[in-house]
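**Q** Dropping the sequence and predicted coords here.
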Amino acid sequence: MRTVDAAGLEIGDDRPPRIMGVLNVSSESPYKPSVFDDPGEAAEYVDEHLVDEGADIVDVGLESANKKFEVLSAQEELDRLDTAVETVHSVSGDAVFSIETRYHEVAAEALDRGFDMVNDICGFADPEMPRVCDERDAAVAKMASPPDLERPGAVEAVDDIYDALELNGLTDKTIVDPAFGGWSEEKTLAQDRETFERLREFRGYGRPILVSINRKNFLRDIAGRDTEEALPVSLAATSMAVERGAHVVRTHDVAETRDAALVGHRFARDRVHTPTVEELDVTTTGEAERHAAESGVDADVAGHAAVRTFAVEGLPEDARGELATLAAESGCHYARGETADLLVGTDAALATMASTSDRTDPAAGGALDDVASALD
């Protein structure tokens with residue numbers, strides 16, 4: 001996992017989770033407390049409500065990305081940039097400033113006038129964006145999107161997110177964003193939840209991960225909360241996201257999100273990370289498959305990357321003996337205990353054991369069918 005230097009702020013493993021606060025200079029943006037058209041008032045908000053509350057990065061939006069609104073042209077975004085630039089130069093606190101845009105012309109102008117990084121909500125749909133960021137040695141958050149400047153984040157199936165993130169490549173300072181939220185009418189809450197469940201897979205890119213999950217519908221739906229009541233579910237998900245490998249959390253609720261992120265970071269599993277050896281955060285075959293694909297390794301290795309353990313109880317002696325024999329033949333381990341037995345193996349070894357045709361004991365066969373169902 002590489003560390004990205006964003007104007008001196010290091011983002012990556014073995015670094016604290018970074019909090020990205022939000023400022024909008026777009027009158028159409030729905031979250032009114034963060035919307036300003038006066039640079040002085042905007043700078044005061046940044047200092048008192050973002051930086052002082054723990055924001056490491058301030059993400060400045062020139063237009064609302066909500067699909068209900070017409071998309072601004074690059075020139076229309078540039079017409080709004082003066083307010084954003086004056087705000088950056090008026091802030092007294094220390095933060096990295098990110099410009100949220102989809103256009104390379106806007107990114108170039110913003111970086112040349114004092115911004116530090118780019119948040120590309122269309123994921124390099126503008127093919128000149130990587131060049132602009134590379135030439136200025138700027139970090140860039142790349143949100144998974146179709147190759148269409150008018151459809152930010154409109155990717156539905158989780159597997160399609162990978163293709164979207166690979167659009168026009170990655171710079172040396174790219175941070176990947178799997179694009180949570182209702183960016184299209186077709187995207188379902190279940191698809192967002194699946195993306196969250198599979199968040200560790202995106203570590204396979206070897207790049208820091210940004211998540212924007214603050215008060216999102218897929219979390220609110222779980223608890224039956226509206227936007228105003230959704231802070232607790234956002235904070236719960238923030239801790240989980242950081243524990244699963246997220247490095248940057250974008251939010252309107254800076255102080256609370258910072259605390260939740262620090263809890264997730266504190267209880268994340270320690271892993272070896274030296275110049276030559278990195279222990280990967282792999283808990284499922286799917287996560288291993290993504291690392292294998294990015295490393296150019298045969299995908300078959302993924303089945304041997306994650307170990308599962310099953311407790312087996314209440315079987316007669318003959319069934320226990322058969323399971324022990326089949327486990328040994330398949331590369332699994334079957335350990336007998338006083339109150340339960342433990343069956344331990346990789347997905348590949350367990351699948352081999354479960355599919356064996358040498359079953360003779362019905363109870364042993366039933367137990368293996370249960371294991372097979374867990375592997376599906």
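**A** Arrived safely, thanks for sending.
**Q** Low-confidence regions, the protein specifically.
**A** 27-34, 66-68 (pLDDT under 70).
**Q** For it, which helix extends over the most residues?
**A** If you go by DSSP state H, the chain has its longest helix at helix 74-90.
**Q** residues near the residue nearest to Thr356 when sequence neighbours are not counted, how many?
**A** Spatial nearest neighbour of Thr356, chain neighbours left out: Leu326 (5.7 Å); criterion: C-beta to C-beta, 6 or more residues apart in numbering. Just so you know, the C-beta spots here come from the backbone N, C-alpha and C atoms, and that holds for glycine as well. Counted by other C-beta atoms under 10 Å, the residues lying close to Leu326 total 21.
**Q** pretty sure Leu326 contacts Gly365?
**A** No. Judged on C-beta atoms under 8 Å, Leu326 makes no contact with Gly365 at a distance of 10.1 Å.
**Q** shared neighbours of those two, which are they?
**A** Residues touching both Leu326 and Gly365 (C-beta atoms under 8 Å, 6 or more residues apart in numbering) are Arg359.
**Q** counting contacts, what elements does the longest helix of the chain pack onto?
**A** helix 39-45, strand 57-61, strand 96-101, helix 104-112 (3 or more C-beta pairs under 8 Å, 6 or more residues apart in numbering; DSSP states H and E).
**Q** at 6 Å instead, please
**A** With contacts defined as 3 or more C-beta pairs under 6 Å, 6 or more residues apart in numbering; DSSP states H and E, helix 74-90 has these neighbours: helix 39-45, helix 104-112.
**Q** Give me the neighbour count for the residue nearest to Met129 when sequence neighbours are not counted.
**A** With sequence-adjacent residues excluded and distances taken as C-beta to C-beta, 6+ apart, Met129 is closest to His104, at 4.6 Å. By the criterion of other C-beta under 10 Å, His104 has 20 neighbours.
**Q** now swap in Asp358 and tell me
**A** Asp358, neighbours per other C-beta under 10 Å, totals 9.
**Q** ok, now Asp37?
**A** 12.
**Q** Against His49, how distant is it?
**A** 17 Å (C-beta to C-beta, to the nearest Å).
**Q** got it, and Ala327?
**A** Counting by C-beta to C-beta - Ala327 and His49 are separated by 58 Å.
**Q** So between those two, which is more surrounded?
**A** More neighbours surround Ala327 than the other of Ala327 and His49, with 20 against 17 (other C-beta under 10 Å).
**Q** Which elements pack onto the strand or helix carrying the more buried one?
**A** Here Ala327 is covered by helix 317-330, with elements defined by DSSP states H and E. Judged by 3+ C-beta pairs under 6 Å, 6+ apart, the packing partners of helix 317-330 are strand 333-335, helix 347-354, helix 362-375.
**Q** Between those, which one is closest to Val85.
**A** helix 347-354 (52.4 Å; C-beta to C-beta).
**Q** Quick one: residues in contact with that closest one.
**A** Thr285, Gly303, His304, Leu326, Ser330, Gly331, Cys332, Leu368, Val371, Ala372, Leu375 (C-beta atoms under 6 Å, 6 or more residues apart in numbering).
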